[in-house]
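**Q** How does the following fold in three dimensions:
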Amino acid sequence: MKPRKVPMRKDLLTGEMHPKKEMVRIVKLKDDTLEIDPSGKKSGRGAYVALNPDGVKAAAQKHVLESAFGIKVDAQFYDDLFAYVDHQKARRELFGDKA
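**A** Numbers count the residues shown, from 1 in each chain. Modelled structure (predicted):
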């Protein structure tokens, strides 16, 4: 049997390609707000971020999400994103790829 193709996505912060399972989706809703989309299925314009807390910190300093989505992003969203990415990375390290 032929091995399945692994879906790849480009990291918004670094420009590197990673497997979709190792990333988190950020979605811009119709009311110009951003949300973290763990399911990856919310409707709206989406972008992917790798599970790298240091990359999220750097993105907050460079205002990467503002330029990518064309809207003002609150500092609280960067804090929430950092907490989510840090938590998911820790889960992967503890439980492996199944988490």
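
**Q** what comes up buried for the longest helix seen in the chain?
**A** Ranked by number of residues, the top helix in the chain under DSSP state H is helix 75-95. Buried residues in helix 75-95, counted by 16 or more other CB atoms under 10 Å: 77, 78, 81, 82, 84, 85, 88. Just so you know, the C-beta spots here come from the backbone N, C-alpha and C atoms, and that holds for glycine as well.

**Q** Show me the contact partners of it.
**A** 22, 24, 26, 34, 36, 49, 51-53, 56-57, 59-60, 65, 99 (CB atoms under 8 Å, 6 or more residues apart in numbering).

**Q** among these, which are in helices?
**A** Using DSSP H, the contacts of helix 75-95 in helices are 53, 56, 57, 59, 60, 65.

**Q** between the residues you listed, which is closest to residue 13?
**A** residue 59 (4.8 Å; CB to CB).

**Q** List the residues that contact that closest one.
**A** 12, 13, 49, 65, 78.

**Q** pLDDT averaged over stretch 84-99 - what is it?
**A** What stretch 84-99 shows for mean pLDDT is 84.

**Q** Thank you, goodbye.
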